[in-house]
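1. how would this look folded up:
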Amino acid sequence: MNDVSDAAFDRDPAGHLFSPEVRAALAGFAVDGDTAALEAAAAVRSAARSLDQLRSRGTDSRGLSPGALDILIRLAGREAGTNIKDLATSAGVSSRNVTGLVDTLERAGLAARVPDPRDRRSVLVRITPDGRTWLEDFRRPSQAAMAAVFRGFTAEETTALRHLCLRLVENQQHLARYLEDR
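-> Model (predicted):
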């Protein structure tokens, strides 16, 4: 089945976009022929992939991976620095993954490991002045890209989209906990 982002779109009688190709592919999989939730999930996956591809193009052209960008943005909001474990938790990835991303940022001069003043055995990661400059240079083209992607959206639609996506995440978290407890 093609990705929704590769499909041609039609509008239903209410004026809502849908992919006839995806709807047809999912029709045999749906319970009682209702493809609404399956089509919505396919659309969310396609939108996420599309945004990831856009972000990858922007970061790759500047020498960073999207993962390293995520860590750099998180560091920018933490003046005092933070440890690898807290970075990993906030990013939702493993400490091993963050360690590699911090290594990349350090080699590029965008982040630095520094001793933790509260615990001599621990190390913090901080953004460097070059890291702040890199982010500032990345900000303008990112804002322009997001303005293009969200062109025509009202403030209410943007807020509703954020809310609905986070509700999906929250529901998935509840489902995962339920399945773990079984």
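
2. going by C-alpha atoms from here, please, whenever you check contacts or count neighbours.
-> OK.

3. which positions in the helix or strand containing residue 136 come out as buried?
-> For residue 136, the element it lies in under DSSP states H and E is helix 129-149. Neighbour counts over helix 129-149 (16 or more other CA atoms under 10 Å) mark 131, 132, 135, 142, 145 as buried.

4. what's the longest strand anywhere in the chain packed up against?
-> The longest strand of the chain (DSSP state E) is strand 119-127. If contacts are counted by 3 or more CA pairs under 8 Å, 6 or more residues apart in numbering; DSSP states H and E, strand 119-127 sits against helix 66-76, strand 111-116.

5. CA-only coordinates of stretch 76-90 in CSV, if you can.
-> Extracted as CSV, the C-alpha positions of stretch 76-90 are listed here (Å, rounded to 0.1, in the frame of the first residue of the first chain):
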residue,chain,number,x,y,z
ALA,A,76,19.4,25.0,24.7
GLY,A,77,16.6,25.1,27.3
ARG,A,78,18.8,24.0,30.1
GLU,A,79,21.3,26.7,31.0
ALA,A,80,23.0,24.7,33.8
GLY,A,81,23.3,21.6,31.6
THR,A,82,21.8,18.2,32.2
ASN,A,83,23.0,14.6,32.4
ILE,A,84,22.7,11.9,29.7
LYS,A,85,20.0,10.0,31.6
ASP,A,86,17.7,13.0,31.9
LEU,A,87,18.3,13.9,28.2
ALA,A,88,17.4,10.3,27.2
THR,A,89,14.3,10.4,29.3
SER,A,90,13.1,13.7,27.9
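
6. can you list the domain ranges for the chain.
-> Here the domain parsing of the chain from automatic domain parsing is 1-61, 63-142, 152-182.

7. tell me the most buried of these?
-> Each of the domains of the chain was scored by mean neighbour count; the highest is domain 63-142, a mean of 16, by mean count of other CA atoms under 10 Å.

8. the protein: strands as residue ranges?
-> 10-11, 17-18, 111-116, 119-127.

9. can you give the strand pairings for the third one, parallel or anti for each?
-> In other words, strand 111-116. Next to strand 111-116 in the sheet, as set by DSSP bridges, lie strand 119-127 (antiparallel).
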